[in-house]
Each structure stands twice: as C-alpha cells, then as structure tokens.
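*Asks:* sequence first, predicted coordinates after that:
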Amino acid sequence: MPIYEYQCGACNHEFEAMQKMSDTALTDCPECTKPELKKLISASGFRLKGQGWYETDFKKGSAAKSSTSHAGGCSGGSCGCG
C-alpha cells in the first residue's frame, strides 16, 4: 500500500497516510479539521512485507556480495569510487 504525504493549507500541518491507490484523497486536516489538505509530491514510499528481502536473495554463486565489490553500480571503479 502506498504511503502518501499531505500538508494542510490552513495550519501547515504535514503528515503521512497509508492508503490504497483506489482510496479517495484525504481532505480534512486531523489537526485543525479544515478541508484544506493537499497531497504533496515526494519520493514514493513502500513497505517490504513477508519473509526474505535480503540482498543475497536473488544472487547466485560468484555474484554474491564480496568485500571487493563497488557500491553505486559502476562494477569496476571506472567512476572513481574505488
């Protein structure tokens, strides 16, 4: 379920709400109760649920993380990271 951010136009209260994509947008502020809420544009939030979700879950053999791997995805230090 997506996590949406809202801000009240009347009191500037900001909060997050977990809603289904099919749910209608919230309108009333929980702090001042005025119908001034606006959905903020932000990086999408999500929650990983269930068992698993480890970085080694989908790696095989020599593709497993080693101490010489480079972060950032350059795969060999060509970007100057290592």
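*Replies:* Yep, it's here.
*Asks:* any weak-confidence spans in this protein?
*Replies:* Confidence mapping of the chain against pLDDT under 70 gives the ranges 44-47, 49-50, 52-82.
*Asks:* which stretches of it form strands?
*Replies:* When assigned using DSSP state E, the strands of the chain occupy the ranges 3-8, 14-18, 37-39.
*Asks:* separation between the residue lying closest to residue 6 once chain neighbours are set aside and residue 20?
*Replies:* Setting aside the residues directly before and after it, residue 6 is nearest to residue 37 in space (Cβ to Cβ, 6 or more residues apart in numbering), at 4.8 Å. (Each C-beta comes from the backbone N, C-alpha and C, glycine too.) According to Cβ to Cβ, to the nearest Å, residue 37 and residue 20 sit 17 Å apart.
*Asks:* do residue 35 as well
*Replies:* Between residue 35 and residue 20 the computed distance is 21 Å (Cβ to Cβ).
*Asks:* more neighbours: these two, which one.
*Replies:* residue 35 (11 against 8; other Cβ atoms under 10 Å).
*Asks:* list the contacts of that one.
*Replies:* Neighbour list for residue 35: 27-29 [criterion: Cβ atoms under 8 Å, 6 or more residues apart in numbering].
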